[in-house]
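> here is my input, please return the structure:
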Amino acid sequence: MRRSMAGAALLLLYASTSVRAEEAPSLFVDPEDRWFDVSAFVAKKYGFVPIVAPVTEPAVGYGAFAGLVFIDRDPAAPRGERPDLYVVGGMYTETNSWASFGGYAGNWLDGRLRVVAGGGYISLNLKHYGLGDDPALAQNPIEYNLQGALAGVSAAMQLGSTPIYAGMGAGFGYMQADPHETLAGASTAQNTLLGLRPLVKFDTRDNMFTPTRGLFGEAGFTFAHQSEGSWFERLDLTAIGYTPLFIPDLFLGVRGGANFSFGDAPFYLRPFVVLRGAPAMRYQGEQTAEMEVELRWQFWKRLSLVGFGGVGAAWKNLSGFDRSEGVVTYGTGFRYELARQYGLHMGADFAFGQDGFALYIQFGSAWTRL
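The predicted model follows:
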């Protein structure tokens with residue numbers, strides 16, 4: 001009798017353990033295709049997506065990034081509905097560059113009001129190559145440390161039932177640029193900045209993470225006041241489009257951007273070309289422009305291959321495109337559909353340009369816009 005009772009107890013213990021073991025993985029297995037998926041886990045109150053990735057950005061050297069992304073959305077909501085996002089993270093590299101930050105992107109008033117806020121602290125060891133094609137600095141760039149605290153918030157309201165949003169952003173920054181000791185006679189420059197940014201957005205994307213169709217456009221004009229009393233302005237224009245092509249599960253993306261600075265802007269806030277394969281802040285100018293094309297082929301179930309290429313230019317003066325300097329980049333990558341209910345793909349891009357190789361870990365699209 002005791003043996004039978006003991007055997008029954010062991011059987012019940014085994015059964016309960018087996019049920020728990022089967023239930024636990026269900027948070028990370030999609031019931032439709034049985035592939036690894038974090039949708040159910042993210043839908044929990046405590047759910048998040050951890051990101052631990054190498055940093056290979058040539059501007060700051062090799063290092064590591066770690067962060068948590070919390071995604072808040074009603075699990076019963078349609079797949080394309082925008083969730084609220086919360087993110088915290090930081091990074092450190094071999095050049096003793098580091099950063100810590102936090103951010104929020106939310107949808108208020110039943111999604112009609114989009115709010116984005118964030119802040120952080122940076123200490124980056126960088127190089128300044130001049131504005132446009134500067135022969136003197138191209139061979140001997142100025143090495144400096146840029147550190148400071150940054151904070152900003154923006155809100156954009158939908159105009160009627162259109163896909164157009166209009167609003168305002170505000171930002172604060174305390175920045176300090178320290179030339180390295182190798183620069184004889186150079187001094188530290190400190191600056192406190194306050195800025196306002198009226199903006200207009202257009203958004204018909206079917207998903208904010210990894211879109212397959214739709215358009216996104218944004219125009220913002222920043223008025224910034226500096227602690228020494230001067231002003232400068234920036235006009236930033238972005239246009240992105242996605243569309244399926246004639247082959248099943250093949251998607252084309254095109255991004256174009258142009259940036260214009262006016263007035264007495266500090267050199268580290270001048271526009272720079274943003275392309276995979278072009279080091280950050282390497283191609284700077286009073287004005288810049290770039291275009292990038294991407295093909296993504298979801299060739300088997302959740303797996304995708306990506307190919308991309310881009311061109312960009314920076315110049316010193318808009319009149320006559322004085323001292324213009326160009327860059328061409330290209331590369332390939334892969335994606336895995338990490339959260340099907342959210343349309344979230346994650347992967348890596350391997351990019352090449354005249355400045356060498358760079359690896360980028362991608363959370364969603366390489367052109368994520370909120």
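
> okay, now the closest residue to Ala189 other than its chain neighbours: neighbour count?
Distances taken as C-beta to C-beta, 6 or more residues apart in numbering place Ala177 nearest to Ala189, at 4.6 Å, with adjacent residues excluded. All C-beta spots, glycine's among them, are computed from the backbone N, C-alpha and C. Look at Ala177: counted by other C-beta atoms under 10 Å, it has 21 neighbours.

> so which helix or strand takes in Ala177?
Secondary structure assignment for Ala177, by DSSP states H and E: strand 164-179.

> which helices and strands sit right next to that strand?
strand 142-158, strand 189-203, strand 214-226 (3 or more C-beta pairs under 8 Å, 6 or more residues apart in numbering; DSSP states H and E).

> okay, these in TSV with distance to Phe41 next?
Converted to TSV, the helices and strands packed on strand 164-179 look like this (distance: least, C-beta to C-beta, whole Å):
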stretch	distance to Phe41
strand 142-158	29
strand 189-203	28
strand 214-226	27
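
> with distance to Tyr129, mean neighbour count and mean pLDDT added, can I get those strands in CSV?
Output for those, formatted as CSV (distance: least, C-beta to C-beta, whole Å; neighbours: other C-beta atoms under 10 Å; pLDDT from 0 to 100):
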stretch, distance to Tyr129, mean neighbour count, mean pLDDT
strand 142-158, 8, 17, 96
strand 189-203, 18, 16, 95
strand 214-226, 23, 18, 97
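
> which among those is found nearest to Phe272?
Among the helices and strands packed on strand 164-179, the nearest to Phe272 by C-beta to C-beta is strand 142-158 (13.0 Å).

> paired strands for the closest one, with orientation please.
Applying DSSP bridges, strand 142-158 is found paired with strand 113-128 (antiparallel), strand 164-179 (antiparallel).

> C-alpha coordinates for that strand, PDB please?
This file holds the C-alpha atoms of strand 142-158, laid out as PDB (Å, rounded to 0.1, in the frame of the first residue of the first chain):
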ATOM      1  CA  ILE A 142      41.100  66.500 -34.600                       C
ATOM      2  CA  GLU A 143      40.600  64.100 -31.700                       C
ATOM      3  CA  TYR A 144      38.300  65.200 -28.900                       C
ATOM      4  CA  ASN A 145      36.000  64.000 -26.100                       C
ATOM      5  CA  LEU A 146      32.400  65.000 -26.300                       C
ATOM      6  CA  GLN A 147      30.400  64.600 -23.100                       C
ATOM      7  CA  GLY A 148      27.200  65.900 -21.700                       C
ATOM      8  CA  ALA A 149      23.600  65.400 -20.500                       C
ATOM      9  CA  LEU A 150      20.700  65.400 -23.000                       C
ATOM     10  CA  ALA A 151      17.000  65.300 -22.600                       C
ATOM     11  CA  GLY A 152      14.100  65.900 -24.900                       C
ATOM     12  CA  VAL A 153      10.400  65.300 -25.500                       C
ATOM     13  CA  SER A 154       8.000  65.700 -28.500                       C
ATOM     14  CA  ALA A 155       4.300  65.300 -29.100                       C
ATOM     15  CA  ALA A 156       2.500  65.100 -32.400                       C
ATOM     16  CA  MET A 157      -1.300  65.100 -32.800                       C
ATOM     17  CA  GLN A 158      -3.100  63.400 -35.700                       C
END
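
> and the pLDDT for the closest residue in space to Leu159 that isn't next to it in sequence?
Excluding the flanking residues, the one nearest Leu159 by C-beta to C-beta, 6+ apart is Ala166, at 6.1 Å. If you check Ala166, the pLDDT there is 98.

> can you give me the distance of Ala166 to Ala156?
6 Å (C-beta to C-beta, to the nearest Å).
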